[in-house]
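Engineer: What follows is a predicted protein model with its sequence.
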Amino acid sequence: MLGMGDGSCPFEFNFDPATFKVGDMVSYRVTGSLEGMPFVGTLLEVHEDYVVISPGESEPDARYRGTREDRPVVDISEI
């Protein structure tokens, strides 16, 4: 795996909610039993106070509404 063990990350995330745009890759969090686990997604929509995230190719039709912050938070009920 790319960069395994050297501290590098194979993903480039946007952690600045002020500059979020459609297509940005973000690291997001999920509440509930999945709390604390990091997830990767792509922004499909960017609104003033929330974003819509695609979790990726494994779930092409899934859409999760998350908060608009450096690492968006998705309520587990969205999953």
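Structural biologist: Yes, it's here.

Engineer: Grab the longest strand from the chain for me.
Structural biologist: Ordering each strand of the chain by length in residues (DSSP state E) puts strand 39-46 first.

Engineer: Alpha carbons of that strand, as PDB, please.
Structural biologist: C-alpha atoms of strand 39-46 as PDB (Å, rounded to 0.1, in the frame of the first residue of the first chain):
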ATOM      1  CA  PHE A  39     -14.200   7.700   6.600                       C
ATOM      2  CA  VAL A  40     -13.400   9.100   3.200                       C
ATOM      3  CA  GLY A  41     -15.900  10.600   0.800                       C
ATOM      4  CA  THR A  42     -16.400  13.100  -2.000                       C
ATOM      5  CA  LEU A  43     -18.500  16.200  -1.800                       C
ATOM      6  CA  LEU A  44     -21.500  16.100  -4.100                       C
ATOM      7  CA  GLU A  45     -23.200  19.200  -2.800                       C
ATOM      8  CA  VAL A  46     -22.000  22.200  -0.700                       C
END
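
Engineer: and that strand, what other elements does it pack with?
Structural biologist: Applying 3 or more Cβ pairs under 8 Å, 6 or more residues apart in numbering; DSSP states H and E, we find strand 39-46 packed against strand 25-30, strand 50-54. Where C-beta positions appear, they are placed from N, C-alpha and C, glycine not excepted.

Engineer: out of those, nearest to residue 17?
Structural biologist: With Cβ to Cβ, the closest approach to residue 17 among the helices and strands packed on strand 39-46 belongs to strand 50-54: 8.2 Å.

Engineer: May I see the buried residues of whichever helix or strand comes after that closest one?
Structural biologist: Per DSSP states H and E, the first helix or strand lying C-terminal to strand 50-54 is strand 64-67. Buried residues in strand 64-67, counting neighbours by 16 or more other Cβ atoms under 10 Å, are found at 64, 66-67.
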